[in-house]
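Visitor: make a model of this:
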Amino acid sequence: MPVEGTQQEVPVTRPARYLLSRPPEANGGTLLVLALHGYGMRPDVMMRLTKGLFHAQHVIASLEGPNSFFLTGPGPDARIGYNWGTPETTGFHWRVHHEILLSLIPRLQRESGIGPERTLIVGFSQPVGMNYRFAATHSGLVRGVIGICGGVPRDWDDGPYRDVDAALLHIARDDDEFFPVETVTRFEDRLRRRAPDVEFHLIPGKHRFPSGAAHLVESWLDRILNRGA
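Guide: The predicted model follows:
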């Protein structure tokens, strides 16, 4: 029997956890990278994968999704994973995601001395669409957004968004179990409806973090940061 009643919300303050990695020495080329993991992953795994995307060491904050759950049965050897929300709570968790980034990005920029012009957001799978929503809602906070094996928001065309001032790099796989190739090949045109600077790559493989994509990221960075110009 369904439970009667209307869903209510009360504003609360909750901590957001993340892992932080700093290079031994920072310089004018050091970036601030916020990394958001996929469904069921952990921030330590996303930290390792994100470091592999870059040829140099940068300040990397690997965020932990706000929701934890058992990947295996509960017990002393249970494995825990994290996620950014469920289909039933999308609106609520979009707001939580935005609140986390709005709080963390300025704080990390102050602590690292790295401004928005050298700040990136990297997302794998589940948070990719959320990150695009963030970039299309809050201007001037980041220079670029990298989306890996994720989707474009369903309401991208008619939602309450503004033009995106960040450069977008989307990397898709041609055998992705969750995003068919006939769907992902339309992502570039869809993203360009709000973002003038979009770079799209379709590479071989299934729904996995692309360990060999560093050359794509570095070439994109050379362009958007005018490195070597």
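
Visitor: now the element after the lengthiest helix in the chain, going C-ward?
Guide: Ranked by residue count under DSSP state H, the longest helix found in the chain is helix 90-112. Later in the chain than helix 90-112, the nearest helix or strand by DSSP states H and E is strand 119-124.

Visitor: quick one: average confidence on that next one?
Guide: On average, the pLDDT along strand 119-124 is 98.

Visitor: return the set of buried residues in it.
Guide: 119, 120, 121, 122, 123, 124 (16 or more other CB atoms under 10 Å). For the C-beta atoms, the positions are set from N, CA and C on the backbone; glycine is no exception.

Visitor: may I have the strands that pair with that strand, each with its orientation?
Guide: strand 32-36 (parallel), strand 144-148 (parallel) (DSSP bridges).

Visitor: quick one on the thing from earlier: list the buried residues for the longest helix of the chain?
Guide: Buried, per 16+ other CB under 10 Å, within helix 90-112: 93, 94, 96, 97, 100, 101, 105, 108, 109, 112.

Visitor: what does stretch 30-49 give?
Guide: Neighbour-count burial for stretch 30-49 flags 30-39, 41-43, 46-47, 49 (criterion: 16+ other CB under 10 Å).

Visitor: what is the neighbour count of the nearest residue to residue 55 once chain neighbours are set aside?
Guide: Excluding the flanking residues, the one nearest residue 55 by CB to CB, 6 or more residues apart in numbering is residue 218, at 5.5 Å. Using other CB atoms under 10 Å, the number of residues around residue 218 comes to 15.

Visitor: residue 218: which element?
Guide: helix 214-224.

Visitor: for this protein, give me the ranges with low pLDDT.
Guide: The chain contains residues with pLDDT under 70 at 1-4, 7, 9-14, 88-92, 228-229.

Visitor: hang on, the earlier thing: ok, the buried residues of stretch 30-49 vs residue 58, which is closest?
Guide: residue 31 (4.2 Å; CB to CB).

Visitor: how close does the residue nearest to the closest one when sequence neighbours are not counted sit to residue 29?
Guide: The spatially closest residue to residue 31, leaving aside those adjacent along the chain, is residue 58, at 4.2 Å (CB to CB, 6+ apart). Residue 58 sits 9 Å away from residue 29, going by CB to CB, to the nearest Å.

Visitor: who has more neighbours out of these two?
Guide: Neighbour totals were compared for residue 58 and residue 29, and residue 58 leads with 22 against 11 (other CB under 10 Å).

Visitor: ok, now which ones touch the residue positioned nearest the centre of the chain?
Guide: Centroid-nearest residue in the chain: residue 123, 2.5 Å away (criterion: CA atoms, centre = their mean). Neighbouring residues of residue 123 by CB atoms under 8 Å, 6 or more residues apart in numbering: 35, 36, 130, 131, 145, 146, 147, 148, 150.
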